[in-house]
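[1] Okay, predicted coordinates and the sequence, questions at the end:
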Amino acid sequence: MTATVPRPEPITSRPYPVRRAVKGSALLKMLRTTDPKDIARESHDAGDVPRFVEADLAFHEVLFEAADNAFLEALMQPLASVIRELREETSSAPETREHAIDYHGRILRRVADRDSEGARDEMREHLVLTEEYMERFRVRPRSSPAAS
């Protein structure tokens, strides 16, 4: 009879449970006190584009955290700076900020209703229209450092 020695878990996966717990708690606290959608509306109305961009990115981060998928997070991490730059450029147009606020509300309603297919469809439409806005305002995505 051969004894089987369990393999230790790879060190790269160890921080994820702790990170999820900490970030999840921080996000729950944030959502209890401030809704990114509300911050987006307030900053849009005030013409505060940098604050709007932060709220927009926070909205998407909340969704990524809710997905609780380390692979999705790892896939998106190299794109974070590119996405931030694009949001800074496209958010300078009030029309794109209105679009984001509208679609974020739609997505949140679908999530609240536990309508995952509807939420996915709304997100897909949001991203397609965002891409159209990038084209309209001649914003060109820069190459990701990961793609080099």
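    Happy to help now that I have it. Residues are numbered from 1 along each chain as shown.

[2] Ala119 contacts His104, doesn't it?
    No: applying CB atoms under 8 Å as the test, Ala119 and His104 come out as separate, 11.1 Å apart. C-beta coordinates here come from the backbone N, C-alpha and C atoms, glycine included.

[3] And Glu131, which helix or strand is it part of?
    Assigned by DSSP states H and E, Glu131 belongs to helix 116-136.

[4] now do His44
    Assigned by DSSP H and E, His44 belongs to helix 36-46.

[5] how many neighbours does Arg114 have?
    Neighbour count of Arg114, defined by other CB atoms under 10 Å: 8.

[6] go on, the one 3 residues further on?
    Other residues within reach of Glu117 by the criterion other CB under 10 Å amount to 8.

[7] Arg109 now?
    If we define neighbours as other CB under 10 Å, then Arg109 has 13 of them.

[8] Give me the distance between it and Glu122.
    In this view, Arg109 and Glu122 are 8 Å apart by CB to CB, to the nearest Å.

[9] before we move on, back to that, tell me which of Ala119 and His104 has more neighbours.
    Between Ala119 and His104, His104 has the larger neighbour count (other CB under 10 Å), namely 24 against 19.

[10] Got phi/psi on the more buried one?
    phi -60, psi -40 (degrees, to the nearest 10).

[11] Now that it has come up, it's in contact with Arg41, right?
    No: in this structure, His104 is not within contact of Arg41 by CB under 8 Å, at 9.6 Å.

[12] Please, which helix or strand holds Leu72?
    Secondary structure assigned from DSSP H and E places Leu72 in helix 70-76.

[13] can you give me the mean pLDDT across that helix?
    Averaging pLDDT along helix 70-76 gives 82.

[14] Which strands and helices lie in contact with it?
    For helix 70-76, the elements it packs on are helix 49-67, judged by 3 or more CB pairs under 8 Å, 6 or more residues apart in numbering; DSSP states H and E.

[15] okay, the helix it packs on in PDB with CA atoms only?
    Output of helix 49-67 as PDB, limited to C-alpha atoms (Å, rounded to 0.1, in the frame of the first residue of the first chain):
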ATOM      1  CA  VAL A  49     -15.400  63.800 -15.200                       C
ATOM      2  CA  PRO A  50     -12.600  62.300 -13.000                       C
ATOM      3  CA  ARG A  51     -15.000  61.500 -10.200                       C
ATOM      4  CA  PHE A  52     -17.500  60.000 -12.800                       C
ATOM      5  CA  VAL A  53     -14.700  57.800 -14.200                       C
ATOM      6  CA  GLU A  54     -14.000  56.500 -10.600                       C
ATOM      7  CA  ALA A  55     -17.700  55.700 -10.100                       C
ATOM      8  CA  ASP A  56     -17.900  54.000 -13.400                       C
ATOM      9  CA  LEU A  57     -14.900  51.800 -12.700                       C
ATOM     10  CA  ALA A  58     -16.200  51.100  -9.200                       C
ATOM     11  CA  PHE A  59     -19.500  49.900 -10.700                       C
ATOM     12  CA  HIS A  60     -17.700  47.400 -12.900                       C
ATOM     13  CA  GLU A  61     -15.400  46.300 -10.100                       C
ATOM     14  CA  VAL A  62     -18.400  45.500  -8.000                       C
ATOM     15  CA  LEU A  63     -19.800  43.300 -10.700                       C
ATOM     16  CA  PHE A  64     -16.400  41.500 -11.100                       C
ATOM     17  CA  GLU A  65     -16.200  41.000  -7.400                       C
ATOM     18  CA  ALA A  66     -19.700  39.600  -7.300                       C
ATOM     19  CA  ALA A  67     -18.700  37.100 -10.100                       C
END
